[in-house]
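Undergrad: For reference, the sequence and a predicted model appear below.
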Amino acid sequence: MSLPARSPIDVAVGILMKPNGDVLLAQRPHGKPYAGYWEFPGGKVEPDESILDALKREFVEELGMTVLAAEPWCGVEYVYPHAHVRLHFYISREWLGEPQSLEGQAFAWQGSVGVEPLLPATIPLIEWLDRLRYLG
Ligand SMILES: Nc1nc2c([nH]c(=O)n2[C@H]2C[C@H](O)[C@@H](COP(=O)(O)OP(=O)(O)OP(=O)(O)O)O2)c(=O)[nH]1
């Protein structure tokens, strides 16, 4: 039996990277699928919204931070029981403000990422990120 075909939902995801290589992770709040799992901040792209605009909006809404610039880095598609997502990962090294827990979520700056569990689609990113950060 095959699953019903559903078109993927676009999700904008931001990896904020400090000069020392630390990146910002957040824990999914109660009430969302995979609550308690760690992820890079972001969320669904609204109709008629660009991915970068969605990224900027989500950082304001979730963390009270202003992303000044971000570059597309990689894309990942993943089929969860709750949704088929197309994740657009961006890397930002320019932002304003410190993270605030506006949705009651925990967050953490991490060098080698030690928080768990991570969202399944995000797990491979950690190794790719280490290559980017430490192997140039
Ligand atoms: N932000 C984020 N989402 C991820 C990552 N990895 C991953 O599989 N996802 C998935 C989980 C969700 O199915 C989807 C993001 O949707 P969401 O429900 O968090 O988005 P949202 O904040 O717009 O939520 P809502 O307004 O519908 O409550 O992408 C990641 O690293 N960061």
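TA: Nice, thanks for sending it over.
Undergrad: Around residue 34, how many other residues sit close by?
TA: 14 (other Cβ atoms under 10 Å). (Each C-beta comes from the backbone N, C-alpha and C, glycine too.)
Undergrad: In which helix or strand does it reside?
TA: Per DSSP states H and E: residue 34 is located in neither a helix nor a strand.
Undergrad: There's contact between it and residue 28 in this structure, I believe.
TA: Yes - under the criterion of Cβ atoms under 8 Å, residue 34 makes contact with residue 28 at 5.5 Å.
Undergrad: so what's the most centrally placed residue in the chain up against?
TA: Closest to where the C-alpha atoms of the chain average out (Cα atoms, centre = their mean) is residue 40, at 2.9 Å. Applying Cβ atoms under 8 Å, 6 or more residues apart in numbering, one finds that residue 40 lies in contact with 13-15, 23-26, 89, 122, 125.
Undergrad: any idea how far whatever residue of the chain ends up closest to the ligand lies from residue 102?
TA: Residue of the chain nearest the ligand, by Cβ to the nearest ligand atom: residue 43 (2.9 Å). Taking Cβ to Cβ, to the nearest Å as the measure, residue 43 and residue 102 are separated by 13 Å.
Undergrad: Please identify every residue contacting each of these two.
TA: Shared contacts of residue 43 and residue 102 (Cβ under 8 Å, 6+ apart): 61-62.
Undergrad: between the two, which one's more packed in?
TA: Neighbours were counted for residue 43 and for residue 102 using other Cβ under 10 Å; residue 43 has more, 18 against 13.
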